[in-house]
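Asker: This is a predicted model, with the sequence first.
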Amino acid sequence: MKKKSSRELHRLTRISFCVIRVICGKFLRTLTLSGLVLILAAAPGARAERKYLFGFSSDILTGVTNQAATGNSNLSPVTGGYFPFYSTYPSLSLKSIGRRSTLDLNYTFTVDRYETDDAITTMGHALRSVFVSELGKRTRLRLNGEFNTTPQLSLINVLTGFTLNPQGGFGYIYDPQTFENAYQRASGGAELELDLTRSSFLTFAGSGAYVHYGSSVSTAAYLSNQIRAEGSLAYSYRRGRRQTWGVKYSAYQNDFDRYGKVRSQSAMLTFARELSPSLRLTLDAGPSYTEKSSSRPEYLGYNASINISKTIHTNLITLNGSHRTGDSTGLGGATDSTQVGLSYSHTFGRNTTLRVDASAFDQKQHSSSAYRYRGISGSLALLRMIGRHWQIGVGASYQDYPSASGVYPTGGYPGRVYKRLYLSMGYRMPELWRASK
């Protein structure tokens, strides 16, 4: 009787998701065409008088680490020892401000040299962009993109903290320690908001992500190049100035070079509340449905996320957590994953800042103990401005990937603990050049 009820529930859930997908699919196509028309209509306003700010910054670092190369691309910690490294990160930024839109561009070039027995020199590029525009009185558009070839062991990630996803939305949570220059990551997204009434609005969003780890034997043994695409439609209702309720439907697909395709859908309730002027809470939760892949049958699960941010005088504390079913984490095929993160920032006077970031994740294959992987990351940075443009700092990072036994994909993983201590000196000129047109 229980088996029959379970099958009926599974069947009804599948039919419900299919109906929702068909209805939303037609509406999303209409909404996309409407969005293109609105963008073209708003183009003359976007070309109105604009202000431009061109900036430059550069960081030079030196320190010690226990990371060393083994094989062709993987890294392992040195037993009981450290060795020096040197890095430099010049960066260019451009900000364009118009009456109804803003564009932010940032480019960073990274060079890292590790003085091991066989010295390693790595180089990379990171490009980030954000475009925000008011297409009309009731329409808002946001575009973002990122392209990154910076090797994962670069300290550019430590300087900015181990943020789970700086652009918002989806982000890969696994960051393997490799130095191979073939490593690439890219992501992008678009979000269109349409006000229906003074207290309700629709949000249409689409995004994509791509990661390429290279083709060396040691990398291909446990990492798979992959592409992810997602589309979503959300309805939100503002209840007063401080509270918003809503519903959201999303569909996403992961294409893995080695593990085939995995398609998932989710329907969630959303909630956002400003509990006080300095405390904000957001929640999302709902069921998900993952269709058949090459490795396992379809199954039901859930997606959920929580974010809490609190400001106390000059302190900013952010706590977040999430659970994803049938989605990619950046390692292997689709898994069920849980992650948590904590960020803390404190300003001493006007010139000194302390930043602490920590995150942890746990991922496993559904209905199997053959594959499970965990990781902990943390960073600390103490920065002080000297004058208007110079900045000095001291910091450290720690990453722990415990060993895992199993048969997937290569019989388990050895434990890894990576440590870094560093000193930095940076030059900041955020308004090197101004112009208007």
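Answerer: Okay, I see it.

Asker: Which SSE is immediately downstream of the least confident helix or strand in the chain by mean pLDDT?
Answerer: Here the helix or strand of the chain ranked lowest by mean pLDDT, DSSP states H and E is helix 2-46, holding a mean of 48. Of the helices and strands lying after helix 2-46 in sequence (DSSP states H and E), the nearest is strand 51-65.

Asker: what sits up against that next one?
Answerer: Residues from elsewhere that reach strand 51-65, judged by CB atoms under 8 Å, 6 or more residues apart in numbering: 82-98, 114, 155, 159, 418-437. To be clear about C-beta, it is placed using only N, CA and C from the backbone, and glycine gets the same treatment.

Asker: Mind giving me the packing neighbours of the helix or strand harbouring R324?
Answerer: R324 is part of strand 315-327, with elements assigned from DSSP H and E. With contacts taken as 3 or more CB pairs under 8 Å, 6 or more residues apart in numbering; DSSP states H and E, strand 315-327 sits against strand 260-276, strand 279-290, strand 299-312, strand 335-348.

Asker: Which strands border it, and is each parallel or antiparallel?
Answerer: strand 299-312 (antiparallel), strand 335-348 (antiparallel) (DSSP bridges).

Asker: Name the stretch among these that sits most buried.
Answerer: Neighbour counts (mean count of other CB atoms under 10 Å) averaged over each of the strands paired with strand 315-327 peak at strand 335-348, with a mean of 18.

Asker: mind exporting that strand as CSV, just the C-alpha atoms?
Answerer: Coordinates of each C-alpha in strand 335-348 appear next as CSV, following Å, rounded to 0.1, in the frame of the first residue of the first chain:
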residue,chain,number,x,y,z
THR,A,335,25.1,15.4,-6.7
ASP,A,336,23.1,16.5,-3.6
SER,A,337,25.1,19.2,-1.9
THR,A,338,24.9,21.3,1.3
GLN,A,339,27.0,24.4,2.0
VAL,A,340,27.3,27.0,4.7
GLY,A,341,29.3,30.3,4.8
LEU,A,342,30.2,33.0,7.3
SER,A,343,31.6,36.4,6.5
TYR,A,344,32.7,39.1,9.0
SER,A,345,34.1,42.6,8.4
HIS,A,346,35.2,45.1,11.0
THR,A,347,36.6,48.6,10.5
PHE,A,348,39.1,50.1,13.0
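
Asker: Show the average pLDDT along that strand.
Answerer: Strand 335-348 carries an average pLDDT of 90.

Asker: just to revisit the earlier point, of the contacts of strand 51-65, just the buried ones, ChimeraX syntax please.
Answerer: Typed into ChimeraX, the line below selects the buried ones among the contacts of strand 51-65, using 16 or more other CB atoms under 10 Å:
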select :82,85,87,89,91,93,95,96,98,114,155,159,418,419,420,422,424,426,428
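
Asker: Output the below-cut-off pLDDT ranges for the stretch 1-150 of the chain.
Answerer: 1-48, 68-80 (pLDDT under 70).

Asker: and with 50 instead?
Answerer: 2-3, 19-20, 22-46, 70-73 (pLDDT under 50).

Asker: One more: the stretch 151-300 of the chain?
Answerer: 161-167.

Asker: Adding distance to G240, write the helices and strands packed on strand 315-327 out as a markdown table.
Answerer: Shown next, in a markdown table, are those (distance: least, CB to CB, whole Å):
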| stretch | distance to G240 |
| --- | --- |
| strand 260-276 | 9 |
| strand 279-290 | 14 |
| strand 299-312 | 19 |
| strand 335-348 | 28 |
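
Asker: residue contacts, the closest residue to L331 other than its chain neighbours?
Answerer: Distances taken as CB to CB, 6 or more residues apart in numbering place Y174 nearest to L331, at 4.2 Å, with adjacent residues excluded. Y174 makes contact with 329-331, 361, 363, 373, 375, according to CB under 8 Å, 6+ apart.

Asker: Can you tell me the element Y174 falls in?
Answerer: Using DSSP H and E, Y174 sits within no helix or strand.

Asker: closest to T122 out of the helices and strands packed on strand 315-327?
Answerer: Minimum separation from T122 across the helices and strands packed on strand 315-327 (CB to CB) falls at strand 335-348, 26.4 Å.

Asker: Touching the helix or strand following the closest one from outside, list them.
Answerer: Where DSSP H and E defines the elements, the next helix or strand beyond strand 335-348 is strand 352-364. By CB under 8 Å, 6+ apart, the surrounding residues in contact with strand 352-364 are 161-164, 173-174, 329, 331, 335-348, 371-385.

Asker: quick one: buried residues of strand 352-364?
Answerer: Quick answer for strand 352-364 (16+ other CB under 10 Å): 353, 355-364.

Asker: ok, then the element right after it?
Answerer: Scanning forward in sequence from strand 352-364 by DSSP H and E, the next helix or strand is strand 372-386.

Asker: name the element the nearest residue to S250 once chain neighbours are set aside belongs to?
Answerer: Nearest residue to S250 in three dimensions, chain neighbours excluded: S232, at 3.7 Å (CB to CB, 6+ apart). Secondary structure assignment for S232, by DSSP H and E: strand 226-238.

Asker: Give the other helices and strands that that strand contacts.
Answerer: Under the contact criterion of 3+ CB pairs under 8 Å, 6+ apart, strand 226-238 touches helix 2-46, strand 200-212, strand 243-256.
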